[in-house]
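Participant: Give me the fold of what follows.
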Amino acid sequence: MVEQDRIKAFINSLDRGNEPYLDELEIIAKQQDVPIIRKDTQALLKFLMAQAKPVNILEVGAATGFSALLMAQYSSPETRITTIEKYEKRIPVARENFIKYDRDNKITLLEGDATEILKALQPGYDFIFMDAAKGQYINFLPDCLRILNKGGLLVSDNCLQDGAVIESRFAVTRRDRTIHARMREYLYELKHNDMLNTVILTVGDGMTLSVKL
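Facilitator: As a prediction, the model looks like this:
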């Protein structure tokens, strides 16, 4: 069996790439050790923008704005994106990137704790991209389900924790055990919640696609 890393490298080598400004932002993020969605994750998001054609997108976890700008670039003209970021050092960078590159003014940045912001949001989202603190996914889920339209798509990133999620809790470092336990709980809930139909993919560092029934 061909190893997974070689398969991913081959698939990524076929990618047509993004708009130049997105490639530049990706390079800067990597140089500054800012988490950024992986190449195959980018490809899947672009595919979902074209296939699902979401109009009202919510992103939980903006970082420096790369993924929101990617979705803005490859979505329909009428699409609007609301993105949440808590980390104070990243908020000014994201804001500056949106001012510079969000040419169609699709993106609205909400600053603060997603736990509180989600509670204040009204239903009506047809696409939610979860890419924030992994240990909080399970806590964000009830409000995400409340505001997600029927037939809407919840996409969660970094769900396999570079394979650590399949290990016993005693095989991961003590500091990572809470995140490990919560991510396993989150994946179980996605697969067993009667409101959702979920598939777990090995794209990037693990992604889930959940349709609200």
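
Participant: Give me the buried positions along the strand ranked longest in the chain.
Facilitator: Longest strand in the chain by number of residues, with DSSP state E as the criterion: strand 148-157. For strand 148-157, burial by neighbour count (16 or more other Cβ atoms under 10 Å) applies to Leu148, Asn149, Gly152, Leu153, Leu154, Val155, Ser156, Asp157. C-beta: built from backbone N, CA, C; applies to glycine.

Participant: ok, the first one - contacts?
Facilitator: Right, Leu148. Leu148 is in contact with Pro123, Tyr125, Asp126, Ile128, Leu154, Lys212, counting by Cβ atoms under 8 Å, 6 or more residues apart in numbering.

Participant: Could you do the third one as well?
Facilitator: Counting by Cβ under 8 Å, 6+ apart, Gly152 makes contact with Pro54, Tyr125, Asp126, Phe127, Ile128, Val211, Lys212.

Participant: buried subset of those?
Facilitator: Applying 16+ other Cβ under 10 Å to those, the neighbour count classes Pro54, Tyr125, Asp126, Phe127, Ile128, Val211, Lys212 as buried.

Participant: Which ones among those lie within strands?
Facilitator: Per DSSP E, the buried ones among the contacts of Gly152 map to strands at Tyr125, Asp126, Phe127, Ile128, Val211, Lys212.

Participant: Buried residues of stretch 188-199, list them for me.
Facilitator: For stretch 188-199, by 16+ other Cβ under 10 Å, it's Glu189, Leu190, Leu196, Thr198.

Participant: Against which helices or strands is the helix or strand containing Arg6 packed?
Facilitator: In the assignment (DSSP states H and E), Arg6 maps to helix 4-13. Here helix 4-13 touches helix 39-52, going by 3 or more Cβ pairs under 8 Å, 6 or more residues apart in numbering; DSSP states H and E.
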